[in-house]
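A.B. asks: When you get a sec, could you give me coordinates for this:
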Amino acid sequence: MPSKANPYFLSPVARWGATAAVALLACAAAPLANSQTLLTYFNFNDSNTIEDVPPGGTAPNGDGFLSTIMPSLTNGVSGFTFATGTTLNAIGADPAGFALTVTAGAGTTSGGGNNGKSFEFTVSTANYTNISLSYATRRTGTGFTSQLIQYSTDGGLTFSTGGTFSAFNGSDFTLASFNLPSGANNQPTIIIRFTLSGATNANGTNNFDNIQVNGTPVVPVPEPATVVGGLLGVAGLCFHQRRRLIQAIRPRLAANLSLRRDMFQEAGAIYHLLARTRRQRFSKATRTGSVP
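C.D. replies: Numbering: from 1, shown residues only. Model (predicted):
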């Protein structure tokens, strides 16, 4: 363990402070762990298609606008109803409540109805990456067999494919989950569109519940000036502690020097006393003729 007489010694508190400062700089320069943030959420428990606030939570993302599910402007589904929901993919203590329902509709058996039609909603992914979409879904025996997920970053002029879900589990709710391509990252707004197909009867349905969009916050890389400033701060902390320690041990050093000076003076006095004694003895021996 270093001695406090060492001018480069740092107290435990100073060492902890310097270590913490360096750690903070490292954290600022590195991305956070992949913790997901809720960007929008629909539980349909109030029988409407406006985004919901999770129990005990705050408005998703705080992006300033309210996401709403609606039929697509072009080739949209004819409308929505609501049926019994589920807690699958619900947030916290959200009850099962209701689920969004799309019915195949008249003309299905002849290739019409809502087959090939869509519904959508808009959400902001600004300052977020790793965008994911998840929801609970189920179908009746003659309901839609396929759900195509697409997204648009240009207001609906063009759409890119995010994935397709068709792995239904009979009449039970099943979790559908998609990691959207990087093109959906960090966009002021994206439109997420669901296109349904495969229904064989006008009364066939699909249900959707607890739709979530999540993303990972983008962590900015600190400016060089910030990094340099932080390092200078650490250096300043070390220099300050070193100076304080030197000031603290200076009286002790001065006392040690004074003690050494006294010891040298005493040694000099003893030496002179011994020398004088020898001279006296030599002089006496000379007078008496006893000098060897």
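A.B. asks: And M263, which helix or strand is it part of?
C.D. replies: Per DSSP states H and E, M263 falls inside helix 224-288.
A.B. asks: for the record, mean pLDDT for that helix?
C.D. replies: For helix 224-288, mean pLDDT rounds to 64.
A.B. asks: What about the nearest residue to I50 once chain neighbours are set aside, how many residues nearby?
C.D. replies: Distances taken as C-beta to C-beta, 6 or more residues apart in numbering place T68 nearest to I50, at 5.2 Å, with adjacent residues excluded. All C-beta spots, glycine's among them, are computed from the backbone N, C-alpha and C. For T68, the neighbour count with other C-beta atoms under 10 Å is 14.
A.B. asks: I figured T68 hits T49, correct?
C.D. replies: Yes - using C-beta atoms under 8 Å, T68 is in contact with T49, at 5.7 Å.
A.B. asks: Between these two, which contacts overlap?
C.D. replies: F121 (C-beta atoms under 8 Å, 6 or more residues apart in numbering).
A.B. asks: quick one: which helix or strand includes A83?
C.D. replies: Here A83 is assigned to strand 81-84, by DSSP H and E.
A.B. asks: Strand partners (parallel or antiparallel) of that strand?
C.D. replies: strand 98-103 (antiparallel) (DSSP bridges).
A.B. asks: what sits up against the partner strand?
C.D. replies: Residues from elsewhere that reach strand 98-103, judged by C-beta under 8 Å, 6+ apart: 42, 44-47, 49, 69, 77, 80-86, 114, 119, 136, 144, 196, 202-209.
A.B. asks: Likewise for stretch 150-163?
C.D. replies: So stretch 150-163 is contacted by 72-74, 120, 133, 148-149, 178, 180-181, 183-184, 187, 189-193, 195 (C-beta under 8 Å, 6+ apart).
A.B. asks: Need the buried ones from the residues you listed selected in ChimeraX.
C.D. replies: One line in ChimeraX is enough to select the buried ones among the contacts of stretch 150-163; burial here means 16 or more other C-beta atoms under 10 Å:
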select :72,120,133,148,149,178,180,184,187,189,190,191,192,193,195
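A.B. asks: Skip the chain neighbours and tell me the closest residue to I149.
C.D. replies: Closest to I149 by C-beta to C-beta, 6+ apart is G162, at 4.2 Å.
A.B. asks: which non-adjacent residue is nearest S171?
C.D. replies: R138 (6.0 Å).
A.B. asks: mind listing what the one you found touches?
C.D. replies: Per C-beta under 8 Å, 6+ apart, neighbours of R138: 168-169, 171-174, 206-207.
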